[in-house]
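**Student:** Got a predicted structure here, sequence first:
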Amino acid sequence: MNPAQLSLQHGQMVVRQGDGTELVRTIPIEDIGVVLLESQQISITAPLLDALVQNNSAVITCNDRFMPSGLLMPIASNSLQSERFQHQIEASVPLRKQLWMQTIRAKIMGQAAMLQRHNPQQAKPLMVMADSVRSGDPDNREAQAAAHYWKYIFKQFPSFVRDRNGEMPNPLLNYGYAILRSVVARSLVGSGLLPTLGIHHHNRYNAYCLADDIMEPYRPVVDNKVVSILQQQPHCEELTTDIKRQLLTIPVEDVTIDGKSSPLMVAATLTTASLARCYAGQSRQILYPSYNPNVNN
């Protein structure tokens with residue numbers, strides 16, 4: 001990869017290559033939601049980092065294998081942050097269980113819609129599972145649905161097993177989920193919520209438990225994107241630059257939420273804002289995307 005220099009000038013992110021004299025492009029800071037620093041030959045100035053953080057842009061760093069490894073987020077980006085933190089901390093167990101039930105139902109319905117698109121004869125069992133999810137998901141319908149879903153979603157990989165360290169197409173899913181996670185974390189912070197304090201996920205070593213919770217119903221967007229890529233490149237054996245470029249469009253993929261079509265990045269802010277209202281006792285319903293099984297975005 002060619003070295004690149006990123007800097008700030010007149011409210012714009014300036015991208016230069018080579019020795020810094022080759023201007024590639026400029027982008028208004030307010031138009032930037034996610035910056036992925038994939039190459040370790042990229043240099044970025046402190047003023048630009050600060051401007052991105054002030055804009056609540058998610059800045060993702062990558063390791064020497066070009067996989068997302070870190071996320072830079074603002075310390076505070078909402079005027080009601082302290083109040084919303086308190087609501088979040090004081091959320092009752094019954095409320096959290098109800099929110100988790102809604103989350104898992106939405107996730108399984110999304111998985112059912114993806115199977116309806118790509119392997120329709122296998123979709124009905126997931127619809128039945130979604131209807132049977134109870135408060136807190138004590139029957140672990142999430143895991144049951146996942147076992148069925150991963151068995152049938154990738155036709156060209158009949159022996160596929162979902163494993164972070166597994167073979168193709170696991171690397172594509174990992175890359176897409178990392179981008180999705182950063183978008184959701186960004187939205188949570190923008191809504192004045194603490195990404196660490198989850199509804200269901202709890203791990204002393206995980207700073208993004210709530211992001212991992214809220215991203216669940218959005219995962220089918222990534223899955224659908226990966227299926228589409230594999231349909232175009234059925235003999236794909238590695239995570240190429242071209243595939244990464246396609247996965248980087250995930251934040252602007254259209255989803256349906258609250259009856260309207262919105263880019264995923266916008267939809268995520270609606271979801272996290274609705275979660276903040278639930279914590280504050282103003283609502284009992286999280287807004288999650290719904291998926292049309294007959295439309296392959």
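**Tutor:** Good, I have the coordinates. Predicted model, so just to flag it, every value in this text is computed and none were measured.

**Student:** from here on, contacts and neighbour counts on C-alpha atoms
**Tutor:** OK.

**Student:** domain assignment for the protein?
**Tutor:** 4-72, 81-279 (automatic domain parsing).

**Student:** Measure how far the longest one is from the centre of its chain, please.
**Tutor:** Average the C-alpha atoms of domain 81-279, do the same for its chain, and the two points are 7 Å apart (C-alpha atoms, centre = their mean, to the nearest Å).

**Student:** mind checking the end-to-end distance for it?
**Tutor:** 13 Å (C-alpha to C-alpha, to the nearest Å).

**Student:** and the domains of the chain, which is most packed in?
**Tutor:** Of all these, domain 81-279 has the most neighbours on average by mean count of other C-alpha atoms under 10 Å, namely a mean of 19.

**Student:** rewinding a little: closest to Asn294 out of the domains of the chain?
**Tutor:** Proximity to Asn294 (C-alpha to C-alpha) singles out domain 81-279 among those, at 6.2 Å.

**Student:** Let's test this: mean pLDDT of that closest one, rounded?
**Tutor:** Averaged across domain 81-279, pLDDT comes to 94.

**Student:** right, so of the domains of the chain, which gets closest to Tyr291?
**Tutor:** Closest approach to Tyr291 among the domains of the chain (C-alpha to C-alpha): domain 81-279, 5.9 Å.

**Student:** circling back to that earlier point, can you lay out the domains of the chain as a markdown table showing distance to Gln285?
**Tutor:** A markdown table is the format used below for the domains of the chain (distance: least, C-alpha to C-alpha, whole Å):
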| stretch | distance to Gln285 |
| --- | --- |
| domain 4-72 | 25 |
| domain 81-279 | 7 |
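
**Student:** Please tell me how far the residue nearest the centre of the chain sits from Met129.
**Tutor:** Against the mean C-alpha coordinate of the chain, by C-alpha atoms, centre = their mean, the closest residue is Leu180 at 1.8 Å. Using C-alpha to C-alpha, Leu180 is found at 25 Å from Met129.

**Student:** helix or strand for the residue nearest to the centre of the chain, which one?
**Tutor:** Assigned by DSSP states H and E, Leu180 belongs to helix 170-190.

**Student:** helices and strands around that helix, which ones?
**Tutor:** Contacts defined by 3 or more C-alpha pairs under 8 Å, 6 or more residues apart in numbering; DSSP states H and E place helix 170-190 against strand 58-62, strand 68-72, helix 209-214, helix 219-232, helix 241-247, helix 264-279.

**Student:** CA atoms only for that helix - export them in PDB, please.
**Tutor:** Extracted as PDB, the C-alpha positions of helix 170-190 are listed here (Å, rounded to 0.1, in the frame of the first residue of the first chain):
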ATOM      1  CA  ASN A 170     -15.300 -16.100   8.400                       C
ATOM      2  CA  PRO A 171     -12.700 -13.300   7.700                       C
ATOM      3  CA  LEU A 172     -15.300 -11.400   5.600                       C
ATOM      4  CA  LEU A 173     -17.800 -11.600   8.500                       C
ATOM      5  CA  ASN A 174     -15.200 -10.600  11.000                       C
ATOM      6  CA  TYR A 175     -14.300  -7.500   9.000                       C
ATOM      7  CA  GLY A 176     -17.900  -6.500   8.400                       C
ATOM      8  CA  TYR A 177     -18.900  -7.000  12.000                       C
ATOM      9  CA  ALA A 178     -15.900  -4.900  13.200                       C
ATOM     10  CA  ILE A 179     -17.200  -2.000  11.000                       C
ATOM     11  CA  LEU A 180     -20.700  -2.600  12.300                       C
ATOM     12  CA  ARG A 181     -19.600  -2.600  15.900                       C
ATOM     13  CA  SER A 182     -17.800   0.700  15.500                       C
ATOM     14  CA  VAL A 183     -20.900   2.300  13.900                       C
ATOM     15  CA  VAL A 184     -23.100   1.100  16.800                       C
ATOM     16  CA  ALA A 185     -20.600   2.200  19.400                       C
ATOM     17  CA  ARG A 186     -20.500   5.600  17.800                       C
ATOM     18  CA  SER A 187     -24.300   5.900  17.900                       C
ATOM     19  CA  LEU A 188     -24.400   4.800  21.600                       C
ATOM     20  CA  VAL A 189     -21.900   7.500  22.600                       C
ATOM     21  CA  GLY A 190     -23.900  10.100  20.500                       C
END
